[in-house]
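Q: Here's my sequence, what's the structure:
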Amino acid sequence: MNIGGHNHRIEYTTNVFINAGADTAELRNWKEKIISIATQIPDKADALTPIIQLIVAAIAPAKIYMIKHDAIEGMEEEAFIDLLVVVSGKSNIPFKELEPVLEMAYLKDRRVCCSLHGESNVIEGLRTGHIFYSLHCIPENLVYDDKSAVYPIATPVAMQEMKTRIQQQFSLTFKKALDFNKSAIFLYEKTRSQIITFLLHQAVELTYRGILQCLNGYDKKTHEIRALKKHARRCAPQLNCFFPDNTEEEKRLLDILENAYLKARYEDQYPVPENDLSLLFRKVMQLQQAATKIIEEKTA
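A: As a prediction, this is how the structure comes out:
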């Protein structure tokens, strides 16, 4: 991997090492395999060709889908990409043994990540209308296909009905998140109650849970913002740039918010500096605006 060029663009290269004692036929087979993988990859995924080649050569997946999450204007310059790797039902290798291959391709805190999914789960999800698989496991996102099986595809009518349900569900869940934020603003304008940070915590928690419920198909019941961020990485990674937790200062701010769930309610004193409170208000507002935009784009 090389980092250089405009905006420190990441360039990937693949080196394949074959046993020096391998016979000519084996060498030819490997060469043909690598070339055939490259010819399947569409132009939109051209920059990821070496990563996809590595995954296919090492794991032999059934399919790979490239899910692109557009960057939030004014916050990020590049889109987030998730390579959804479907592992064939014929494979007897546990996911735990396949994960090191993905770790080689995955750059932590960068824009590219990979996730493993069992083929039977994906097919069942598509057949029953699972939100996440129905939205993302579509022909337009396919960047590798071993062509051993044809997966179900939702009809345009079914897809539109699903998107309508997502919009309705998000409106219900997100209203609670908005109400907590509005209550925090109201209290802030009237008094400096320490309960304000608890209200902001709830605004963030319910925003994340609303996104997970609508786009992942389940309600992750936890009060830990960091845990919710981890789960959102698959369906809405853009949200995680508002509380990035990647510097000591960002960790301190997120700790204030996390601890507020209990301390702001049950301890006699939970002082938060004025500057920190203003910053938290701004981050919560940006988070909720971004969540709304993500749902609008997913259901367009």
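Q: Count the neighbours of Lys96 for me.
A: 8 (other C-beta atoms under 10 Å). Bear in mind the C-beta positions are built from the backbone N, C-alpha and C, glycine included.
Q: try the one 3 residues further on
A: Residues contacting Glu99 under the criterion other C-beta under 10 Å number 13.
Q: same deal with Lys175?
A: Lys175: 12 neighbours (other C-beta under 10 Å).
Q: Same question for Pro156.
A: The burial count assigned to Pro156 is 8, neighbours taken as other C-beta under 10 Å.
Q: give the contact list for it.
A: Taking C-beta atoms under 8 Å, 6 or more residues apart in numbering, we find Pro156 in contact with no residue.
Q: ok, now how distant is it from Ile138?
A: 12 Å (C-beta to C-beta, to the nearest Å).
Q: now do Glu297
A: 15 Å.
Q: now swap in Lys283 and tell me
A: According to C-beta to C-beta, Lys283 stands 33 Å off from Ile138.
Q: quick one, strands of the stretch 51-200 of the chain?
A: 63-69, 80-87, 112-118, 142-145 (DSSP state E, counting those that start in this stretch).
Q: nearest to Glu224, of those?
A: Of all the strands of the stretch 51-200 of the chain, strand 112-118 sits nearest to Glu224, with 20.5 Å by C-beta to C-beta.
Q: how many other residues sit next to Phe281?
A: With other C-beta under 10 Å as criterion, Phe281 counts 17.
Q: neighbour-wise, which of Glu297 and Ile138 wins?
A: Between Glu297 and Ile138, counted using other C-beta under 10 Å, Ile138 has the larger neighbour count: 16 against 10.
Q: From Ala300, how far out is the spatially closest residue to that one that is not a sequence neighbour?
A: Counting by C-beta to C-beta, 6 or more residues apart in numbering, Ile153 is the residue found nearest to Ile138 once chain neighbours are left out, at 6.6 Å. Distance, Ile153 to Ala300, by C-beta to C-beta: 19 Å.
Q: Please say which of these two ends up with more neighbours.
A: When neighbours are counted by other C-beta under 10 Å, Ile153 and Ala300 differ, and Ile153 comes out ahead with 13 against 6.
Q: quick one: contacts for that one?
A: 126, 138-139.
Q: now swap in Asp146 and tell me
A: By C-beta under 8 Å, 6+ apart, the contact list for Asp146 reads 60-63, 88.
Q: repeat for Ala60
A: Ala60 neighbours (C-beta under 8 Å, 6+ apart): 88, 91, 146.
Q: could those be laid out in JSON lines, adding distance to Leu262 and pLDDT?
A: Putting these into JSON lines (distance: C-beta to C-beta, whole Å; pLDDT from 0 to 100) gives the following:
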{"residue": "Ser88", "distance to Leu262": "46", "pLDDT": "87"}
{"residue": "Ser91", "distance to Leu262": "44", "pLDDT": "74"}
{"residue": "Asp146", "distance to Leu262": "50", "pLDDT": "91"}
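Q: re earlier: which single one of the contacts of Ile153 is nearest to Leu262?
A: Leu126 (41.2 Å).
Q: Just want the phi and psi numbers for the closest residue to that closest one other than its chain neighbours.
A: Of all residues not flanking Leu126 in the chain, Pro152 sits nearest, at 4.3 Å (C-beta to C-beta, 6+ apart). Backbone geometry at Pro152, expressed as degrees, to the nearest 10, gives phi -60, psi 150.
Q: So Pro152 is in contact with Ile123, correct?
A: Yes - assessed by C-beta atoms under 8 Å, Pro152 is found in contact with Ile123 at 6.8 Å.
Q: Just want to know which of the two has more residues nearby.
A: Between Pro152 and Ile123, counted using other C-beta under 10 Å, Ile123 has the larger neighbour count: 19 against 16.
Q: So the more buried one versus Leu135, what's the distance?
A: As judged by C-beta to C-beta, Ile123 and Leu135 stand 16 Å apart.
Q: And for Glu161?
A: As for Glu161, its distance to Leu135 is 13 Å (criterion: C-beta to C-beta).
Q: Which residue of these two possesses the greater neighbour count?
A: Leu135 (20 against 13).
Q: Next up, the contacts around the more buried one.
A: Counting by C-beta under 8 Å, 6+ apart, Leu135 makes contact with 162, 215, 298.
Q: Repeat the analysis, applying 10 Å as the threshold.
A: Contacts for Leu135 were tallied using C-beta atoms under 10 Å, 6 or more residues apart in numbering; they are 67, 141, 154, 159, 162-163, 166, 215, 217, 235, 298-299.
Q: Just the ones of the contacts of Ala60 in helices?
A: Per DSSP state H, helices hold no members of the contacts of Ala60.
Q: Fine, thanks again, bye for now.
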